[in-house]
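S.K.: Sequence and predicted model, in that order:
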Amino acid sequence: MFRLSFRVVSFAKMVMVPITPPCHCFCDFPISEKAYYGIGGEVRFFCTPSSVAELGKLVSWVRSEGMPLAMLGLGSNMLFSDINFPGVILSTERMLQFRQVSELEFFFEAGVENTVVAETMQHLALPELHGCIVCRGESAERFG
């Protein structure tokens, strides 16, 4: 169920304005539904951007609202407190785009599973890329 979240703009006039996230979000979301172990309290906003552009807008919005931010992949090996989280949990589960940029360069968004990356390299018969995926100098991940 989606409920609007508000903030008080002026106590003198008791003016309240809705807080509107810039991408697909759930308000007062039970994080236990996404956690591998099925535990955890509610989060104020559970947001699932579907592109890098939406991700950027969401992070800017969270900063402007002064809310705490936490990242969530697909929930594996994540433990959440039963205490409610007053901020935003950003999930990459809808960031599933990938494309071949050049013969040996690929773009994979954060929600693409490692298995999909490995299978793509194998399907394209690029064994030299199958074992090591490098994300523009930011991180590298090995899998077999």
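M.R.: Happy to help now that I have it.
S.K.: Show the contacting residues for G73.
M.R.: Residues in contact with G73 (C-beta atoms under 8 Å, 6 or more residues apart in numbering) are 91-93, 110-111. For the C-beta atoms, the positions are set from N, CA and C on the backbone; glycine is no exception.
S.K.: PyMOL command to pick out the buried ones of the residues you listed?
M.R.: Listed next is the PyMOL selection for buried residues among those, using 16 or more other C-beta atoms under 10 Å:
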select buried, resi 91+92+110+111
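S.K.: Can you show me the strands along the protein?
M.R.: Here the chain has its strands, by DSSP state E, at 5-10, 15-19, 25-30, 42-47, 69-72, 85-91, 98-102, 105-108, 132-135, 139-142.
S.K.: ranking those by mean pLDDT, which is last?
M.R.: Lowest mean pLDDT within the strands of the chain: strand 139-142, a mean of 39.
S.K.: Is P49 in contact with H24, as I believe?
M.R.: Yes. Applying C-beta atoms under 8 Å, one finds P49 in contact with H24, separated by 7.4 Å.
S.K.: Dig out what the spatially most central residue of the chain forms beta bridges with.
M.R.: In the chain, the centroid-proximal residue (C-alpha atoms, centre = their mean) is S91; its distance is 2.5 Å. Following DSSP bridges, S91 is listed with bridge partners L72.
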